[in-house]
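Novice: Sequence and predicted structure are below.
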Amino acid sequence: MKKEYLIRNIRAVLGRAYPRVIAANREYSWVIADIVLPLLSVVAYGTLYKFLGASKDFLGFAVLGGAMSAFWLNVLWDMASQLYWERMSGNLQLYISSPISLISILFGMSIGGMFATSLRAAATLIVGTLIFKLDFSLINLTQLILVFFLTLSSLYGLGMTLASLYLIWGREAWHLSEFFQEPVYLVSGMYFPIKFLGKVGFFSSLIPLTIGLDGLRQVLFKQGSFFGFLSVNIEILILIFLTVIYMILAVFYLKKMEYLARKEGKLTIRWE
Amino acid sequence: MGIIKKFLNDFKSSFYLGWKIESNWTDPFLFLIYSIAKPLSSAFILIIMYIIISQGKIQETLPHLVIGNALHLYTANVLFGIAWTVIDDREFYETLKYVYISPVSMFQFLAGRGFAKYLTTTISSFIIIIFGFIFLKVRFTPVPYWYIYFPIFLFVGSLSLFIIGYFFAGINFLISRQGWFLTQSATGVFLLLTGAIFPINTFPNFIGKIGIYIPQTVWIDGMRKILLGQGWNSYFMNMSINNMLSLLIFENIIYFIIIFLFFNFSLRIARYRGLIDQRTMG
């Protein structure tokens, strides 16, 4: 790989991360939306737990799930569907005709998205904690950091893989993103411990959020390990495995789908 | 052409358009799965949360939760559907201006588009309710003459959904891309304040009382009373079903007058300011 090509791609990564970090915060309505929408669900589910007489840790599970849902929404709407949006706005053809790799574009989006969404998720977590007066009890800081960052890396790897698949889709991309919201909230145990879904948990572990959330609950709450699905160390290993697999799949599918999209002439079509 | 015939014709056309936009992106089977899986998942999240905390015991509150959640789907989908049509047609399809200059009333057009959402939501809601009765052993203990009250209450409650939907559509005429967030948030706020998944008196008194003035609160609790024999919210506990129906009709009339005026006003302002064909979402 030539040095010049590498520099160009690093610039592309930074260039694509920039709007996610800086420009996204200029549109205040999006910032508020990203914080308020998950918060409304958090308050609804938290209040239901409270009404049913659940322990405070369950309220914490719901708040943490609500905060992490911001990452899933970001992966769905701003990663997976992004190339579809770019096609709609006419940018996709510019990306493809420029002397950079599409992977750099997706990588830049991931980094920017992770950073911006972390701020919003933190806001949801803080407000949720204040509303329900949650008690956190940090069990292991190293595990917490590892689980959190590995969850994000594997999750955004999945986002990059999905982005390549979305490349050849038209309007169904929008509907598929809609479709992957609530069903994934259910099977990944977004608002309750995944342990209660039994064997379904093994299948839904393909979604990094399932394992990540379970791990985070185990290291952040007293009752977390009691309701844990697998041990945290095993979950860390699974997350490493998922990160590698999704990155490989992303590179493979992106090339394949880009070729397919070129062949079928889908790179410039709007509102198909 | 008679007024009623024209109304029905316009309604049919906009419904047909709405139905096509909703469904023709895939084959009917996949569309059916898509339409059912999403609402069923959100219902199951609540049911599983309930079962975990009650340790598997089905108690009095579950039937109320099932009915409330099934009916909240209407609020979420119809309200959002009508309001989103304005943004969808204006920003993405860029057809709102053509609808505006055509001899179709925007009011009827949105009703037809909303009705497409209403139909798909009806399938999901009924599946949740029937699932509750069969698999969760929700006991069907209806009020006398429930078969008369049920369709009437469903119809009057459905009207309230469309009326509130017009309010958010009216706002969306005036604002840009923020309309998406506003409507989504409203759906979330309605989930909290209408007592769909917990009684509104769970909240502090003044917040709970806001819910009484939202027609959907009366509607959801009335439907609970019709199907289960009793309501959930303490405010309507001792109210007869006839009184609840009168209250719902009264709230609908008040809301309709205010929102109808607001809708026409916002449409006029949108035209005056040149907002009918604005594009703010890329």
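Specialist: Yep, it's here.
Novice: what's the burial count for the residue in chain A positioned nearest to chain B?
Specialist: Closest to chain B within chain A is residue A:40: 3.0 Å, counting by Cβ to the nearest Cβ. To be clear about C-beta, it is placed using only N, CA and C from the backbone, and glycine gets the same treatment. By the criterion of other Cβ atoms under 10 Å in any protein chain shown, residue A:40 has 19 neighbours.
Novice: Quick one: residues contacting it.
Specialist: Neighbouring residues of residue A:40 by Cβ atoms under 8 Å, 6 or more residues apart in numbering or on different chains: B:185, B:188, B:189, B:191, B:192.
Novice: Can you tell me which residues in chain B are near chain A?
Specialist: B:25-26, B:34, B:37-39, B:41-42, B:44-46, B:48-54, B:61, B:92-93, B:177-178, B:180-181, B:184-185, B:188-189, B:191-192, B:197-199, B:202-203, B:282 (Cβ under 8 Å from any Cβ of the partner chain).
Novice: element containing the residue of the stretch 101-250 of chain B found nearest chain A?
Specialist: Across the stretch 101-250 of chain B, the shortest distance to chain A (Cβ to the nearest Cβ) belongs to residue B:188, at 3.0 Å. Assessed by DSSP states H and E, residue B:188 sits inside helix B:178-193.
Novice: Can you list the helices and strands that that helix packs against?
Specialist: With contacts taken as 3 or more Cβ pairs under 8 Å, 6 or more residues apart in numbering or on different chains; DSSP states H and E, helix B:178-193 sits against helix A:28-52, helix B:80-87, helix B:146-174, helix B:205-212.
Novice: chain center to that helix: distance?
Specialist: In terms of Cα atoms, centre = their mean, to the nearest Å, the centre of helix B:178-193 is found 12 Å from the chain centre.
Novice: Check stretch B:76-85 too.
Specialist: 8 Å.
Novice: Residue A:38 contacts residue A:66, correct?
Specialist: Yes. Contact criterion Cβ atoms under 8 Å: residue A:38 and residue A:66 qualify, at 4.7 Å.
Novice: any common contacting residues for these two?
Specialist: residue A:124.
Novice: Residues in contact with the helix holding residue B:188: which ones?
Specialist: So helix B:178-193 is contacted by A:29-30, A:32-33, A:36-37, A:40-41, A:43-44, A:47, B:72, B:75-76, B:79-80, B:83-84, B:86-87, B:168, B:171-172, B:175, B:196-197, B:200, B:203, B:207, B:210-211, B:214, B:216-217 (Cβ under 8 Å, 6+ apart).
Novice: Tabulate the CA atom coordinates of it in PDB.
Specialist: The C-alpha trace of helix B:178-193 is given here as PDB (Å, rounded to 0.1, in the frame of the first residue of the first chain):
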ATOM      1  CA  GLN B 178     -37.500  18.800  14.000                       C
ATOM      2  CA  GLY B 179     -41.000  17.400  13.300                       C
ATOM      3  CA  TRP B 180     -39.700  13.900  13.400                       C
ATOM      4  CA  PHE B 181     -38.400  14.300  16.900                       C
ATOM      5  CA  LEU B 182     -41.400  16.200  18.100                       C
ATOM      6  CA  THR B 183     -43.900  13.500  17.100                       C
ATOM      7  CA  GLN B 184     -41.700  10.600  18.400                       C
ATOM      8  CA  SER B 185     -41.400  12.400  21.700                       C
ATOM      9  CA  ALA B 186     -45.100  13.000  21.800                       C
ATOM     10  CA  THR B 187     -45.700   9.300  21.400                       C
ATOM     11  CA  GLY B 188     -43.300   8.700  24.300                       C
ATOM     12  CA  VAL B 189     -45.100  11.300  26.500                       C
ATOM     13  CA  PHE B 190     -48.500   9.700  25.600                       C
ATOM     14  CA  LEU B 191     -47.100   6.300  26.800                       C
ATOM     15  CA  LEU B 192     -46.400   7.900  30.100                       C
ATOM     16  CA  LEU B 193     -49.400  10.100  30.600                       C
END
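Novice: what angle do that helix and helix B:80-87 make?
Specialist: Calculated by axes from the mean of the first three to the mean of the last three Cα atoms, to 10 degrees, helix B:178-193 forms an angle of 170 degrees with helix B:80-87.
Novice: residues of helix B:178-193 that come out buried?
Specialist: Across helix B:178-193, burial judged by 16 or more other Cβ atoms under 10 Å in any protein chain shown covers B:178-193.
Novice: Let's test this: mean pLDDT of stretch B:149-156, rounded?
Specialist: When pLDDT is averaged along stretch B:149-156, the result is 95.
Novice: I'd like the distance from it to the chain centre, please.
Specialist: For stretch B:149-156, the distance to the chain centre is 14 Å (Cα atoms, centre = their mean).
Novice: if we can go back for a sec, could I get the helices and strands packed on helix B:178-193 in TSV, plus columns for distance to residue A:113?
Specialist: Converted to TSV, the helices and strands packed on helix B:178-193 look like this (distance: least, Cβ to Cβ, whole Å):
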stretch	distance to residue A:113
helix A:28-52	11
helix B:80-87	23
helix B:146-174	27
helix B:205-212	34
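Novice: Give me whichever of these is most buried.
Specialist: Comparing the helices and strands packed on helix B:178-193 by mean neighbour count (mean count of other Cβ atoms under 10 Å in any protein chain shown), helix B:80-87 ranks first with a mean of 25.
Novice: between it and helix B:146-174, how big is the angle?
Specialist: 20 degrees.
Novice: Helix or strand next in line after helix B:80-87, which one?
Specialist: Taking DSSP H and E, what comes next after helix B:80-87 is helix B:96-101.
Novice: What about residue A:185, how many residues nearby?
Specialist: Count around residue A:185 with other Cβ under 10 Å applied: 21.
Novice: wait, it sits on residue B:44?
Specialist: No. Look at residue A:185 against residue B:44 with Cβ under 8 Å: they stay out of range, at 9.7 Å.
Novice: before we move on, back to that, would you tell me which of the helices and strands packed on helix B:178-193 gets closest to residue A:176?
Specialist: helix B:80-87 (17.5 Å; Cβ to Cβ).
Novice: For residue B:204, grab the count of nearby residues.
Specialist: Neighbours of residue B:204 (other Cβ under 10 Å): 8.
Novice: Show the pLDDT at it.
Specialist: Per the predicted model, pLDDT is 81 at residue B:204.
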